[in-house]
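[1] here is a sequence together with a model predicted from it:
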Amino acid sequence: MNMEESQPLTKMTLLKSLLSPTTFPHLILLAIASIMFFVVARMDAQAWAAYGFIGFSLTYVCLAPLSTNERIASLLRYTVDSDQTVSKSLPARFKILILPLVVGLTFVLFINLIFGENGILQQVGSFLPTLLGGLFVVWAMAQGRFFGHASMNGITAPEQGEINSDGFSPIPSLMMTSALVVVMTFAVTEGLRFILNQGSFSVWPYLFSFAVYGLCIYLTWGQRKEASRHSTTHAVARKWFWATQLFITWHVLSIFRSIDSASNDTMIFIEELFLMIVTVFLAIWALTSKGEGSNSAFFTRDNALFWGVAFGYAYAGSVAMITSVMDNVRTVLIAGHILVVVTVMYLQRSMLEGRVHRINNDRGIVQSVIHLEVHDTPPEEVTETTESVEIDINTIEQEATESIGDPVDWNQTPEALGDSTNWDDEIELLD
């Protein structure tokens, strides 16, 4: 094992693994195949599109754990040759797609045989597009949860702090978070308006984002108050709300732009594409590592890309099925953003409460260990008692030894019971 493989998995090493030129053609295949299946779904062939998304997702689910095998890895990874130019190396680069294409098409045909018109489970097959589309709800909620875990794990709690029974003032934190919300709203709204050179200034995005921000403050006030009783948990809560509130604001503004008819569909598509990439990355990060530097035995840096591609096919398939059924992309996107916002708002309470509880428990254990007194010598009273007990035991042993060792005259006549009694010579008889 080389040094690179022994390094702990971090977000940067994971990102480098996903963008590695040795496996990058798999991402190109994901983009091309997703577009093709999306076109098929829009041509009223939702069943075949669902078969394609499911088949290729299952393909990478199977190939991900097998990619650690050297023989399978050689078929899925391109060996970089510095002597070859990019154009000459293209056949070798895309040769690594032969195995997933063969396995993927085999899965598609197999699924069709089982769930197709003449398949054994024909009735179940008719619901596959709907079931795949229903997973969009899971992906949207997972996106919020993955972000919550990633942001919380990225916050390091201070090692030392002080207690304040009344709680530290929440005003500086609220003012800072409010400023960040304003900056985020201004940058996104006015930045897009400047780039697109259309539309006029509107106060509604600011009111929209601050209304949700106020709701978040109201719902999490109890957790904020509890966290403010110690400077350590207060610092964690402050950073946690900065990160989550910016994420919520971003999705709230996306909801507003999707509702606004003047918004540009191209920019919305670019934003959603970027959001999908972020979601896939957060999903892989949550699967491959529980935190910075902690590795997972099943999801590793070496097979992270294949797990991500499998998730990408499932995510794209859900969006394609819903958009083909509902025939309204904006409605689907609005629903997804709402689910993400609700999920993160719920996590603002539950995850902060759990983190504060763990920090307080750890601090309590440390305090109990610090105040634990260990005596090298026994106390004075105990010493005196021990010495007196030792003296009494020695005395008893000595007396017992002396008694047992006295000489015995076996020829001496034993005394009778009345030998020591003085009997009078005259005995008076009473009538």
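    Perfect, thanks for sending it.
[2] got phi/psi on Ile163?
    Note on Ile163: backbone dihedrals following degrees, to the nearest 10 are phi -90, psi 140.
[3] wait, doesn't Phe208 sit right on Val252?
    Yes: under the criterion of C-beta atoms under 8 Å, Phe208 makes contact with Val252 at 6.1 Å. From N, CA and C alone the C-beta is placed, and that goes for glycine too.
[4] out of the two, which sits in the busier spot?
    More crowded of Phe208 and Val252, by other C-beta atoms under 10 Å: Val252, with 24 against 19.
[5] that one: what secondary structure?
    Classification of Val252 by DSSP: H, G, I helix; E, B strand; the rest coil places it in helix.
[6] now it: how far from Leu105?
    Look at Val252 and Leu105: by C-beta to C-beta, to the nearest Å, they are 42 Å apart.
[7] what's near enough to touch Ser151?
    240, 243-244, 247 (C-beta atoms under 8 Å, 6 or more residues apart in numbering).
[8] where does the prediction get shaky in the stretch 151-300 of the chain?
    196-199, 261-269, 286-298 (pLDDT under 70).
[9] one more time with 50
    291-293 (pLDDT under 50).
[10] and the helices in it?
    Taking DSSP state H, counting those that start in this stretch as the criterion, the stretch 151-300 of the chain contains helices spanning 171-196, 204-219, 221-227, 231-259, 265-288.
[11] please apply the same query to the stretch 1-150 of the chain.
    3-6, 11-18, 24-42, 46-66, 70-76, 86-94, 98-115, 122-125, 128-153.
[12] centre of the chain to the third one, how far?
    Meaning helix 24-42. Centroid displacement of helix 24-42 relative to its chain, using C-alpha atoms, centre = their mean, to the nearest Å, is 29 Å.
[13] centre-most residue in this structure?
    His149 (4.3 Å; C-alpha atoms, centre = their mean).
[14] how near is that one to Ala142?
    Distance from His149 to Ala142, by C-beta to C-beta: 10 Å.
[15] check Asn112 too.
    28 Å.
[16] these two - which one has more neighbours?
    Comparing Asn112 with Ala142 by other C-beta under 10 Å, the one with more neighbours is Ala142, at 20 against 17.
[17] need the contact list for that one.
    Shown in contact with Ala142 (C-beta under 8 Å, 6+ apart): 279, 283.
[18] ok, 10 Å please
    By C-beta atoms under 10 Å, 6 or more residues apart in numbering, Ala142 lies in contact with 135, 279, 282-283, 286, 311, 315, 339-340, 343.
[19] nearest to Lys95 among the residues you listed?
    Checking the contacts of Ala142 against Lys95 with C-beta to C-beta, the nearest one is Phe311 at 24.4 Å.
[20] common neighbours of Phe208 and Val252, please.
    Thr185.
[21] name the residues of stretch 124-139 that are buried.
    Neighbour counts over stretch 124-139 (16 or more other C-beta atoms under 10 Å) mark 125, 128-129, 132-133, 135-136, 139 as buried.
[22] tell me who's in contact with Gly336.
    136-137, 139-141, 143, 251, 254-255, 258, 272, 275, 279, 318-319, 322.
[23] ignore what I typed, I meant Val108.
    37, 48, 50-56, 58-59.
[24] ok, now Leu75?
    Taking C-beta under 10 Å, 6+ apart, one finds 63, 66-67, 69, 95-100 in contact with Leu75.
[25] with pLDDT and distance to Thr233 as extra columns, can I get the buried residues of stretch 124-139 in CSV?
    Formatted as CSV, those follow (pLDDT from 0 to 100; distance: C-beta to C-beta, whole Å):
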residue, pLDDT, distance to Thr233
Gly125, 76, 52
Leu128, 86, 47
Pro129, 86, 47
Leu132, 87, 42
Gly133, 82, 41
Leu135, 83, 36
Phe136, 80, 36
Trp139, 82, 32
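[26] for the residues you listed, work out which two are farthest apart.
    Gly125 and Trp139 (22.1 Å).
[27] so how far is Gly148 from Met175?
    When distance is defined by C-beta to C-beta, Met175 is 24 Å away from Gly148.
[28] same check, this time on Ile255
    Applying C-beta to C-beta to Ile255 and Gly148 gives a distance of 19 Å.
[29] who has more neighbours, these two?
    Neighbour comparison, Ile255 and Gly148: the larger count goes to Gly148, with 24 against 21 (by other C-beta under 10 Å).
[30] pretty sure that one sits against Thr244.
    Yes: using C-beta atoms under 10 Å, Gly148 is in contact with Thr244, at 6.9 Å.
[31] what residues do the two have in common as contacts?
    In contact with both Gly148 and Thr244: 344, 347-348, 351-352, using C-beta under 10 Å, 6+ apart.
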